[in-house]
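Colleague: sharing a sequence plus its predicted fold:
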Amino acid sequence: MRSMAQTQVPIALTFSVLFLISISHAARSTPPPSKLKAVNLGGWLVTEGWIKPSLFDAIPNNDLLDGTQVQFKSVTQGMYLCAESGGGTIMVANRTSASGWETFKLWRITSNEFNLRVFNGEFIGLESSGDAVAVSNRPGDTETFEIVRNSGDSSRVRIKASNDLFLQAKTEISVTADYLENTNWGDDDPSVFLMTIVGTMRGEFQITNGYGTENATAVMQEHWGSFIVEDDFEFMAASGLGGVRIPVGWWIASDPTPPWPFVGGSLLALDNAFIWAEKYNLKVIIDLHAAPGSQNGFEHSGSRDGSTEWGTTQANIDQTVSVIEFLAARYAPRKCLYAIELINEPRAPSVTLESLKNYYKAGYNAVRRHTTDAYVIMSARLSADETELLQFAGGFYGAVIDVHYYNLYSDIFNSLSVQQNIDFVNNNRSRQVNTLTTSNGPLVLIGEWVAEWQVNGASKEDYQRFAKAQLEVYGRASFGWAYWTWKNVNQHWSLEWMIKNGYISLI
Ligand SMILES: *[C@@H]1O[C@H](CO)[C@@H](O)[C@H](O)[C@H]1NC(C)=O
Ligand SMILES: *[C@@H]1O[C@H](CO)[C@@H](O)[C@H](O)[C@H]1NC(C)=O
Ligand SMILES: *[C@@H]1O[C@H](CO)[C@@H](O)[C@H](O)[C@H]1NC(C)=O
C-alpha cells in the first residue's frame, strides 16, 4: 500500500480515514473523472513545419536550416566526404557510398554560414596547416564554413573555410582548405561538391534561428495570434469536445525574453487559451512537448539537430522541473486547468528509465506544491515497453499515464488493408488499453491518435469506420483521449476539418 508521504497529497491529510482508504486503492480519488474527449493544439506554441509549411516560406536559404542533414560528393574524386571513424580525427573523401559518417548536420550561423556536425558529435574544422579535421566539440570560427551554391544548380556547392579559402578534395585522403581559384563549376574543379540533402527539420529552433530574432518575433507572434483563436474554442465546445491538450516548449517559462533563438509571446497565447477555455467550459492539459536538450530528437521537441540530451545531467532535470513549477504556479488558480503533462514522448534508450523516474517524482511534487486538483500526466517512453511505468505511476495520487497510438511509424502497418487497420484497433489496441488499465495503477490517456494510415485511396466511408473504431476503443481509456491535431494542412490530421466535413462526429 502506498503511504501518504509517498503520494504527496497534503490536503488528504485532513480528510477522513475512509477517504484515505479509498484513495489508497486507486491513483485518483472518487468520483472517477468523466472521460475526456480532447484535441491537441499541435503546431501552435511549438512549431512543426509539416502542420503549416507556409510559416517557413520567407526564410532565406530555407532548405538549409538547423539540423538539415547533408552529404558532399567530390566531383573530381567521385567520392563522398567522410569524417573518418565518424569523428575525432581527419576528414577524407574516399567513400563510394554515403551513410552515417558521410552525413553532416548543419548548425546555421547565418543564412549561408554553417557549422557541420559529424556522426560522433564533433564539428568539421581546420588545423593550422589547413587540413580539415573533425575534432572540436565546441564550434568557433575555424568550424564555420560558408556554403556557396551555384546559381544555376543549387546542389553544386563550394565550401569556403574561415581562412577564406575553399575546401578541396586533393586526393581521397587529403581534404584541405587551400583552394583559392575562381571556378567555372566544372567536374575538374576539386573544390566543387555535389550536395545532397537527406534529412530536414522544421521545428521551433529551425524557424526562429532561420528568421533571426527580430523577424522571427514578428512571424511567430502573428502565428500565435491567428492560428488558434477564440472561435476555435467555441466550435470545439459546440462539437462535443471537452478539452484541449496544449503542447508548449520549455522556453515559455522565460517569456517574454526566452534564450536564443526562441522568441517571446507564446505565454500570452497560452493565457488566452485559458480565457477561452473558461468561457466555453473546456478543460486544459498543458503538455511540456519540448524539454531543454530535447527528449526525443524530433523537430517537435525544439531540437536543433536531432540529438537527444535531455535528462543526462541533474541540472537539466532541475531546469525542467522549474519549467513545470512555473506553469503550475501560474495556472493552478485557473479552474479549467485539468492536468499538467510533465514531458511528451521521452525516447528510449537516450532517456533512461532512471532519469525519467527521478524527473517524474520531482515534477509531480512541483505540480503538487501548487495544486492537489490537477492531474499529473506521465508519458510512456517511446521505443520501450509501455507498461514499464505503471507500477511507478500508480504510486502517485492523481497520476495518468499517456500513450500515443498511431497506425503509422512502423513497418507493421505498411501493407495493412482498411479492414486490417480497423481490426488492429479493435483487437491489438484494445488489448493494449486493457493491459494498461489496472486497479491500483494510474489512469490512462490516449494523448495522441489520428484517423490517418498508410492506406492509399481510402474512401470517406473507410475513414469514418476507422475513426469510429478508434473512438470506441480509445473511449475505454480511463482518463480519455486527445486527437492529433486541431488544425493541419493535411486534412485527415485536422480534427476541425474532419468534423466540418462529416468524417468524425462526437455528438
Ligand atoms: C579512407 O582513408 C582512410 C585514411 O587513409 C583509411 O583509414 C580508410 O580505410 C579509407 N577508407 C576507404 C573505404 O578506403
Ligand atoms: C527581416 O525581413 C526583412 C523583410 O523580409 C528582410 O529584408 C531582412 O533582411 C530580414 N532581417 C534579417 C535579420 O534577416
Ligand atoms: C495483432 O494481434 C494478433 C493476435 O491477435 C497478432 O497475431 C498480430 O501479429 C498483431 N498484429 C501486429 C501488427 O502486431
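Modeller: Great, that's in hand. Numbering: from 1, shown residues only. Ligands and ions are numbered 1, 2, ... in the order given.
Colleague: which residues are in contact with the strand or helix carrying Thr176?
Modeller: Assignment of secondary structure by DSSP states H and E places Thr176 within strand 174-179. Identification of contacts with strand 174-179 by Cβ atoms under 8 Å, 6 or more residues apart in numbering yields 81, 90-93, 126, 129-132, 161-163, 165-170, 190-191. For every residue, glycine as well, the C-beta is placed using N, CA and C.
Colleague: ligand 1 next: which of those residues are close?
Modeller: The residues of these that also fall near ligand 1, by Cβ under 6 Å from any ligand atom, are Val92.
Colleague: any idea of the mean pLDDT in the strand holding Thr176?
Modeller: On average, the pLDDT along strand 174-179 is 96.
Colleague: right, is it up against ligand 1?
Modeller: No. Residues of strand 174-179 contacting ligand 1 under Cβ under 6 Å from any ligand atom: none, with a closest distance of 9.2 Å.
Colleague: shaky segments in the stretch 401-507 of the chain?
Modeller: Along the stretch 401-507 of the chain, no part satisfies pLDDT under 70.
Colleague: helices of that one, start to end?
Modeller: Along the stretch 401-507 of the chain, the stretches classed as helices by DSSP state H, counting those that start in this stretch are 418-423, 430-436, 460-474, 495-500.
Colleague: pull out the buried residues from the contacts of strand 174-179.
Modeller: 81, 90-93, 126, 130, 132, 161-162, 165-170, 190-191 (16 or more other Cβ atoms under 10 Å).
Colleague: show me what contacts the most centrally placed residue in the chain?
Modeller: With distances taken as Cα atoms, centre = their mean, the residue of the chain nearest its centroid is His300 (2.5 Å). Listed by Cβ under 8 Å, 6+ apart, the contact set of His300 reads Gly42, Val46, Glu48, Gly203, Pro247, His289, Ala290, Asn344.
Colleague: for the nearest residue to it once chain neighbours are set aside, what are its contacts?
Modeller: Spatial nearest neighbour of His300, chain neighbours left out: Glu48 (5.0 Å); criterion: Cβ to Cβ, 6 or more residues apart in numbering. Glu48 sits next to Gly42, Arg202, Gly203, Glu299, His300 when contact means Cβ under 8 Å, 6+ apart.
Colleague: ok, how many other residues are close to the third one?
Modeller: Put plainly, it is Gly203. 24 (other Cβ atoms under 10 Å).
Colleague: bridging residues for it?
Modeller: For Gly203, the beta-bridge partners are Glu48 (DSSP bridges).
Colleague: my guess is it meets Ser294, correct?
Modeller: No. If you go by Cβ atoms under 8 Å, Gly203 and Ser294 don't touch, sitting 9.4 Å apart.
Colleague: which residues do the two both contact?
Modeller: Ser301, Gly302, Ser303.
Colleague: quick one: which of the residues you listed is most hemmed in?
Modeller: Ser301 (30 neighbours).
Colleague: give me phi/psi at it?
Modeller: Dihedral angles of Ser301 (phi, psi; degrees, to the nearest 10) stand at phi -110, psi 10.
Colleague: go on, Phe193?
Modeller: phi -130, psi 150.
Colleague: ok, Ile343 next?
Modeller: phi -170, psi 150.
Colleague: what separates it from Ile504, distance-wise?
Modeller: The gap separating Ile343 from Ile504 is 28 Å, by Cβ to Cβ, to the nearest Å.
Colleague: which one of the two is surrounded by more residues?
Modeller: Ile343 (29 against 22).
Colleague: wouldn't the more buried one be in contact with Ala290 here?
Modeller: No. Taking Cβ under 8 Å as the definition, Ile343 is not a contact partner of Ala290, at 9.3 Å.
Colleague: which parts of the stretch 351-500 of the chain are strands?
Modeller: 375-379, 399-405, 443-449, 480-483 (DSSP state E, counting those that start in this stretch).
Colleague: what do you get for the stretch 51-200 of the chain?
Modeller: 69-74, 80-83, 91-95, 104-108, 113-117, 123-126, 132-136, 145-149, 156-160, 166-171, 174-179, 193-199.
Colleague: ok, the contacts of His300 vs ligand 1, which is closest?
Modeller: Nearest to ligand 1 among the contacts of His300: Gly203, at 34.5 Å, using Cβ to the nearest ligand atom.
Colleague: who's in contact with that closest one?
Modeller: Val46, Thr47, Glu48, Gly49, Gly67, Ala290, Phe298, Glu299, His300, Ser301, Gly302, Ser303.
Colleague: apply 6 Å and report the result again.
Modeller: Thr47, Glu299, His300, Gly302 (Cβ atoms under 6 Å, 6 or more residues apart in numbering).
Colleague: return the distance of it relative to Asn296.
Modeller: The gap separating Gly203 from Asn296 is 11 Å, by Cβ to Cβ.
Colleague: what residue in the stretch 201-350 of the chain comes nearest to ligand 3?
Modeller: Taking Cβ to the nearest ligand atom, the stretch 201-350 of the chain has Ala348 as its residue nearest ligand 3, at 19.1 Å.
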